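Fold the following and give me the result.
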Amino acid sequence: MIASNHEGVDFEKLSRLRHLEFLSLKLSNLRNLRVLDISSNNIESLKSSQDEQNLRFVHLKALDLSNNFFNNNVLSFVSEFSNLKSLNMEENNLKGLVDVTKFDALKSLEVLFMSYNKLNQFISTNANTSFSKLKTLYLNGIFPEESSVPAQLSLEAFPSLKKLYLEENYHLNQTLLIQTSQVLSNLEELFLDESPLSINFLQNIGALTSLRSISLSNCEFTGTLPTQGWCDLKNLEEIDLFGNELVGILPSCLANLTSLRLLDISQNLFTGNIAYSPLTNLILLRYLSISNNKFQVPDSFKSFANHSNLKVFFSDFNELVPEHDHVQQRVPKFQPKVFSLSNCRVHEELTKPPSLLYHLYDLRYVDLSFDKFMGALPYWLFENNTRLQVIILKNNSFMGSFQLPSHPNLDVLEIDISNNQIRGEVPLNISLIFPSLTWLFLSGNGFGGEFLKWLVGMNSLGFLDLSSNQFSGTLPKEFLTGSSLYDLRLSNNNLIGKIPPSVFRSQSLTALYLDRNKFEGEISNIHFSRSSDLDTLDISNNNLSGELPRWTKNLTSLTELDLSNNHFEGSIPKEFCYNAHLWLLDLSHNNLAGSLPHCSRPSSQYLSHVYLSRNRLNGPLTHSFLNISSLKILDLGENSLSGSIPKWIGTLSRLNILRLKGNLFFGEIPNEICELDQLRIMDLSHNQLSGHIPSCLGHLIAAPPSILHFSEFWRISTFGVDTSTEMEIKLMWDADTQFDEYIQDRVELVTKWWSYTYEGNILGYMSGIDLSCNQLAGQIPFEMGNLSDIHSLNLSHNNLIGPIPSTLSNLKQLECMDLSFNDLNGEIPSQLTKLNSLAIFSVAHNNLSGLIPYGKGQFGTFDSSSYEGNPLLCGPPLEKSCKETDSQRKGASFLSGQIEAGDFLTE
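Residues are numbered from 1 along each chain as shown. You can find the predicted model right below:
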């Protein structure tokens, strides 16, 4: 197929030509081409010896070369397209120096994209070079790293520039930026987000007199806002200072910026009462976010009464304080569409929502969550605001019943009143009052009765969370048939009976949580006419019995499966090997028996969490987990698995937690286990392991993560609020985040002599090694002192000999050390008193001798039980003095006819 010399070619149709063997696209014949987009093709060059003179597109207006592998030679090539108005060279291999004089011929250029190349100089070496028509310049991420050549930026060649993007430039030269800004008198919008700057920058931008919008989020600003420079920019309409570390009160000069329409100063450390701040003067504001500061916010909002233009107001994570002697005389001009006041430190006098809310009539979104408000549910918000779309009142102390407005509200999409004290039944007419309701969160209350009556007719409902209530009864035979629900949570209620097969066959449902109820019966004999889209299924903590279902292979989208804490029996079916997208499998706490299934291929390339503990599984570890590099948690504890720990365990390169406790494993601990360089918790206790402790374990425990990553899903809506520039007012609310995974990482670990279940993010900070109750011999390797981030070390109930290594004093994070019931000898190293985090310490029932280092640091808190069973130990907290012990040792040495050097090393 040859495509050439055509006025219009539908290239999208090429993807349908499955058997195409030859394709020629002779671009040189396209003389009238106006737009050429060859982005994202891994192209290195457009020139060749035969085509060098042919690629001449005299009418080309827009050229997109982004996301390829072009180097600096492409600059000369693009300069030949003299009529270009838009040129995109983002994300290529441009490096070092870019001299804009190389494409001086592009006099018609209006937009230039150069972002995300690795430059250290973007300059013009010819003072006469001028791109007089260029209005928009993208230079995001062009200075991403340090270089031996200082970063240089010169913008004199762009005198007409109106929009400048310099985001994510981590090594931007602030001094040069200030100098070059002096020639940008026409600049209207400046974006420097995530480019580290000092606060002096704001003092030196007064020359940008045309500036209307400046975005400086996450620029690492510290200190107080200056009173010069930026405050002189009277044309400013939008300021974004989100995510810095600015402190103190807002400067009074801010009141001079009377043209401001948008102001975001959230995620800082500002203080002061906003009623006495310059914010009260900015009556043209349409969007104001002051969240996550230390502001005092009066509950009357009297100071904003005349802000008739303010439509979006965020003041989460501040302090809500009472304003006494205030009486609302009339309806305020302040009528926002978005009002968010969540997670505030609420003064003890304020037990109810702000009185202002009684006088608001145009709300579309309101969030009062986590504010400890009390009293009846403010249903009047629905009555007063007939176009309300989202109301979030979760985690308060609202009481009483769930009252609905008297008239239908067609716009309500989301209601979240979870974790309050609402009682009674959900009104039967809820589907009539809120016909468009899509997200409904009622969890953590006292709702009861049978929910199916009011659920009928809610045709728009997609998310429903009724967990942790008092709903009872059984699920009908055709439950969810024809339903639009795709995420249903009925966890922790009093539901009984059998789970109807229609639940698992639902064609709309993607997530189902029926855990912590009283369901019973078998679920293995369900027949599917076609595969289901169910991706999350949690029916744990019920009374289900029989064999495990084989129909899971019909759940082709399944990612999370939790069947734990039931009474399932029989073996694990091989069908579990066919869920290609599965990442979590929890079958723990059942009566499963037999060996682990031998899958002909890895069950899932995504499988990362496997919990099979507390069953009756037996036999050796098969190759079921071999080469599953995605595996992070493997918990096979409390079974009857036997044989040796296989060497292929070292191939699980991402493993964080390995728990083989309470099985029948024997033989030595393989050295390959030391290849698990991301391991945080290893529990091999209560087996029959023998041999020495591998010295390489001293390099095992990975350092804790410095950053916790959270998966957040946002929906964006403008709610009819318009802006004139690219910094559009966008509202983000977290209905989807309500449905983050219920199934969290968890593991049991014996520490401080108790068995704790660690789950969620805390696992990122917990670490431990438990080799107790085995038959390990030899000495404790001194390399164990390299485990500087470990929290728990248990080597008790083995046959270990020799001294306690003094290197264990390097374990500064250690909270529990149990070396009891071994044959250790020598003295307790005095260096261990440096372990200031140590809460539990036991060396009981060994052959240790000498003075106990008592009274130093944490060692002053351990009682005699930590040392019992060592007849040659002396000193507090034992009653035995060291003189008495010295006599005993000499007598014993004489009777034995042998004198050991250690016998005389007493203090």
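
where in the stretch 451-600 of the chain is pLDDT low?
The model of the stretch 451-600 of the chain has pLDDT under 70 over residues 528-531, 600.

please redo it, this time with the cut-off set to 90
Applying pLDDT under 90 to the stretch 451-600 of the chain flags residues 451-457, 476-484, 502-507, 525-533, 552-556, 574-580, 597-600.

ranges for the strands of it?
463-465, 470-473, 487-489, 494-497, 511-513, 518-522, 536-538, 543-547, 560-562, 567-570, 584-586, 591-594 (DSSP state E, counting those that start in this stretch).

pretty sure residue 300 contacts residue 357?
No. In this structure residue 300 lies outside contact range of residue 357 using C-beta atoms under 8 Å: 11.1 Å. Every residue, glycine included, has its C-beta placed from N, CA and C.

The strands of the stretch 451-600 of the chain into CSV, with extra columns for distance to residue 446 and mean neighbour count?
Listed next are those as CSV, based on distance: least, C-beta to C-beta, whole Å; neighbours: other C-beta atoms under 10 Å:
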stretch, distance to residue 446, mean neighbour count
strand 463-465, 15, 22
strand 470-473, 6, 16
strand 487-489, 17, 23
strand 494-497, 12, 16
strand 511-513, 19, 23
strand 518-522, 18, 15
strand 536-538, 23, 23
strand 543-547, 24, 17
strand 560-562, 26, 23
strand 567-570, 30, 16
strand 584-586, 29, 24
strand 591-594, 35, 16
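
Now tabulate those strands in TSV and tack on distance to residue 174.
Output for the strands of the stretch 451-600 of the chain, formatted as TSV (distance: least, C-beta to C-beta, whole Å):
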stretch	distance to residue 174
strand 463-465	47
strand 470-473	60
strand 487-489	48
strand 494-497	62
strand 511-513	48
strand 518-522	63
strand 536-538	48
strand 543-547	64
strand 560-562	48
strand 567-570	64
strand 584-586	47
strand 591-594	63
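
what residues are shared contacts of residue 300 and residue 357?
Shared contacts of residue 300 and residue 357, defined by C-beta atoms under 8 Å, 6 or more residues apart in numbering, are absent.

Spit out the contact partners of the residue nearest to residue 93 when sequence neighbours are not counted.
Distances taken as C-beta to C-beta, 6 or more residues apart in numbering put residue 71 closest to residue 93, at 4.9 Å, once the chain neighbours are dropped. Contacts for residue 71 were tallied using C-beta under 8 Å, 6+ apart; they are 44, 92-95.

Test for you: state the pLDDT assigned to residue 71.
At residue 71, the predicted lDDT confidence score is 94.

Kindly report the same for the one 5 residues further on.
For residue 76, the pLDDT comes out at 86.

which SS class is it?
helix (DSSP: H, G, I helix; E, B strand; the rest coil).

Use 47 as the first number from now on
With 47 as the first residue, the last one maps to residue 122.

Regarding the closest residue to it other than its chain neighbours, what is its secondary structure?
Sequence neighbours aside, residue 148 is the residue nearest to residue 122 in space, at 5.9 Å (criterion: C-beta to C-beta, 6+ apart). Of the three states, residue 148 takes helix under three-state DSSP.

correct me, but residue 148 touches residue 123?
No. Residue 148 is beyond contact range of residue 123, at 9.8 Å (criterion: C-beta under 8 Å).

residues contacting the nearest residue to residue 242 once chain neighbours are set aside?
Spatially, and ignoring its direct neighbours in sequence, residue 242 is nearest to residue 266 (4.5 Å; C-beta to C-beta, 6+ apart). Contact analysis of residue 266 by C-beta under 8 Å, 6+ apart lists 242-243, 290-291.

distance of residue 266 from residue 300?
Residue 266 sits 21 Å away from residue 300, taking C-beta to C-beta, to the nearest Å as the criterion.

what about the residue nearest to residue 912 when sequence neighbours are not counted, distance to residue 835?
With sequence-adjacent residues excluded and distances taken as C-beta to C-beta, 6+ apart, residue 912 is closest to residue 888, at 4.9 Å. Using C-beta to C-beta, residue 888 is found at 22 Å from residue 835.
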